[in-house]
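Engineer: all I have is the shape, not the residue letters:
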């Protein structure tokens with residue numbers, strides 16, 4: 001056999017060996033190869049004179065691995081839960097805030113004359129055999145729940161209902177919907193103060209006498225009611241209203257420069273009785289004088305039909321219940337006044353005229369009757385080193401029917417108040433007040449006697465939070 005034939009047979013044998021090894025290892029992942037050091041031939045098995053080249057992957061298998069899709073572990077995609085917010089701000093429930101205040105009051109009744117007993121329709125401590133009482137205990141929830149909606153909710157935990165001294169009563173529950181970025185135009189919806197006069201809009205925690213002028217409470221009765229009120233004020237006036245509502249100045253708050261609205265007219269927490277809404281309008285324009293002191297004139301009015309409440313009265317040794325028209329009695333008021341804010345000297349005054357429900361002289365009916373009343377108050381703001389002192393004096397007068405009292409009796413009020421408020425820290429206030437009463441009608445029950453030449457001393461501590 002020639003050498004060429006012998007070489008061909010060796011190559012052929014090597015190829016068969018490789019093919020057989022490849023077939024035998026078709027299921028294997030790798031192939032181990034060796035090279036003969038003399039002939040440089042490649043073998044799939046180890047033998048003397050052969051050097052191991054390494055482990056190799058068949059080309060076909062490698063290509064399959066490359067082309068095969070890569071297996072990945074299936075992990076659920078994590079999605080962040082986003083709470084909807086307004087303008088990228090906090091969620092609505094984080095934009096609400098809690099606030100409130102509590103008043104503890106004491107009155108000592110001194111001497112008096114006349115045939116009437118002490119009675120104050122807005123202060124239960126002005127009564128015989130009464131000393132300390134919690135006059136107010138209120139918690140307020142409020143805030144801009146969106147960029148265009150402000151909510152305000154306030155219950156009172158010291159209201160006197162039925163035979164109990166303390167119970168819960170709803171005082172405010174409204175929303176302000178604004179129509180522009182600066183909130184110059186707003187629509188108030190719900191239970192809130194009626195925009196009439198100045199003192200009607202002040203908070204009952206405001207600085208000065210123990211109570212807002214009772215004369216105007218009687219003249220403009222209907223401090224809170226259920227309705228809709230459209231309020232407008234330019235941004236610079238809204239900023240000024242906010243400034244005036246600080247602890248030192250205690251303005252009435254922002255009820256707009258111009259306000260108009262409609263409401264039930266029956267008073268706090270009472271539904272409509274005659275399918276007739278009251279309408280009200282108010283103008284107020286605060287501005288700074290050359291000295292920097294703020295002066296705010298205002299005027300307002302309202303009209304509607306009020307349905308009074310009748311009850312039995314004693315007359316001529318008998319008992320009867322006054323009658324009135326089912327559709328109600330004309331209830332119309334107009335008011336004007338101004339405030340010169342204490343910076344440091346201040347003065348405020350307001351006068352109301354109109355007509356409303358009034359018990360007839362013979363106690364048989366409730367009809368329209370004329371009314372008038374008002375007040376003037378002077379005050380001064382002093383820096384006492386340890387807090388602020390606020391001495392004040394006030395005269396108030398009213399003559400006319402008290403519509404929210406049963407039978408709307410004709411009442412007289414003529415009274416002077418002298419006192420001082422001390423605010424040692426921003427959230428605590430003390431008030432001491434002396435009152436001299438020329439005349440005061442007991443409108444709580446017939447025969448509606450008159451108290452004259454009465455004197456009393458009152459004190460109050462208020463803490464805000």
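Structural biologist: Nice, thanks for sending it over. Keep in mind that this is a model prediction, so the values were computed, not measured.

Engineer: C-alpha only now, for contacts and for neighbours.
Structural biologist: Will do.

Engineer: which residues of the stretch 151-300 of the chain fall in strands?
Structural biologist: 167-178, 185-193, 224-232, 258-263, 278-284, 287-288, 294-306 (DSSP state E, counting those that start in this stretch).

Engineer: could you chop this structure up by domain?
Structural biologist: Partitioning the chain according to automatic domain parsing yields domains covering residues 3-67, 92-464.

Engineer: any idea of the mean pLDDT in the shortest one?
Structural biologist: When you say that, I think you mean domain 3-67. On average, the pLDDT along domain 3-67 is 59.

Engineer: circling back: can you lay out the strands of the stretch 151-300 of the chain as a markdown table showing distance to residue 410 and mean neighbour count?
Structural biologist: Supplementary listing: these in a markdown table, determined by distance: least, Cα to Cα, whole Å; neighbours: other Cα atoms under 10 Å:
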| stretch | distance to residue 410 | mean neighbour count |
| --- | --- | --- |
| strand 167-178 | 27 | 18 |
| strand 185-193 | 25 | 21 |
| strand 224-232 | 22 | 23 |
| strand 258-263 | 25 | 21 |
| strand 278-284 | 22 | 21 |
| strand 287-288 | 39 | 14 |
| strand 294-306 | 16 | 21 |
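
Engineer: if we compare those, which one ends up closest to residue 244?
Structural biologist: Comparing those against residue 244 with Cα to Cα, the closest turns out to be strand 294-306 (8.5 Å).

Engineer: got the contact list for that closest one?
Structural biologist: For strand 294-306, contacts defined as Cα atoms under 8 Å, 6 or more residues apart in numbering pick out 195-198, 265-266, 274, 276-289, 327-341, 357.

Engineer: same thing with stretch 128-140?
Structural biologist: Looking at stretch 128-140 with Cα under 8 Å, 6+ apart, the contacting residues turn out to be 98-109, 118, 123-125, 152-159.

Engineer: rebuild the strands of the stretch 151-300 of the chain as JSON lines, extending it with mean pLDDT and distance to residue 416.
Structural biologist: Rendered in JSON lines, the data for those read as follows (pLDDT from 0 to 100; distance: least, Cα to Cα, whole Å):
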{"stretch": "strand 167-178", "mean pLDDT": "93", "distance to residue 416": "29"}
{"stretch": "strand 185-193", "mean pLDDT": "96", "distance to residue 416": "26"}
{"stretch": "strand 224-232", "mean pLDDT": "96", "distance to residue 416": "26"}
{"stretch": "strand 258-263", "mean pLDDT": "97", "distance to residue 416": "32"}
{"stretch": "strand 278-284", "mean pLDDT": "97", "distance to residue 416": "27"}
{"stretch": "strand 287-288", "mean pLDDT": "95", "distance to residue 416": "30"}
{"stretch": "strand 294-306", "mean pLDDT": "96", "distance to residue 416": "24"}
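
Engineer: ok, which of the ones you listed comes nearest residue 414?
Structural biologist: The stretch from the strands of the stretch 151-300 of the chain with the least distance to residue 414 (Cα to Cα) is strand 294-306; that distance is 23.5 Å.

Engineer: that closest one: partners in the sheet, and parallel or antiparallel?
Structural biologist: Strand 294-306 has its sheet partners listed here by DSSP bridges as strand 278-284 (antiparallel), strand 287-288 (antiparallel), strand 329-340 (antiparallel).

Engineer: will you turn these into CSV that also has distance to residue 245?
Structural biologist: Rendered in CSV, the data for the strands paired with strand 294-306 read as follows (distance: least, Cα to Cα, whole Å):
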stretch, distance to residue 245
strand 278-284, 15
strand 287-288, 14
strand 329-340, 13
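
Engineer: what's the closest of the ones you listed to residue 210?
Structural biologist: Across the strands paired with strand 294-306, residue 210 has its closest neighbour in strand 329-340 (18.6 Å, Cα to Cα).

Engineer: continuing past that closest one, what's the next helix or strand?
Structural biologist: Stepping forward along the backbone from strand 329-340, the first helix or strand reached (DSSP states H and E) is strand 345-359.

Engineer: so what strands line up beside that following strand?
Structural biologist: Sheet partners assigned to strand 345-359 using DSSP bridges are listed as strand 329-340 (antiparallel), strand 366-380 (antiparallel).

Engineer: which positions in it come out as buried?
Structural biologist: For strand 345-359, burial by neighbour count (16 or more other Cα atoms under 10 Å) applies to 346-359.

Engineer: which of those lies closest to residue 258?
Structural biologist: Using Cα to Cα, residue 350 is the member of the buried residues of strand 345-359 that sits closest to residue 258, with 18.1 Å.

Engineer: tell me the bridge partners for the closest residue in space to residue 114 that isn't next to it in sequence.
Structural biologist: Nearest non-adjacent residue to residue 114, counting by Cα to Cα, 6 or more residues apart in numbering: residue 451, 4.6 Å away. Beta-bridge partners for residue 451, by DSSP bridges, are residue 114, residue 440.

Engineer: so what's residue 451 up against?
Structural biologist: The neighbours of residue 451, taking Cα under 8 Å, 6+ apart as the test, are 112-118, 439-442.

Engineer: what angle sits between the helix or strand hosting residue 142 and strand 167-178?
Structural biologist: Residue 142 is part of strand 132-146, with elements assigned from DSSP H and E. For strand 132-146 against strand 167-178, the angle by axes from the mean of the first three to the mean of the last three Cα atoms, to 10 degrees is 30 degrees.

Engineer: nearest to residue 50, of the buried residues of strand 345-359?
Structural biologist: Distances from residue 50 to the buried residues of strand 345-359, taken as Cα to Cα, are shortest for residue 346 (115.7 Å).
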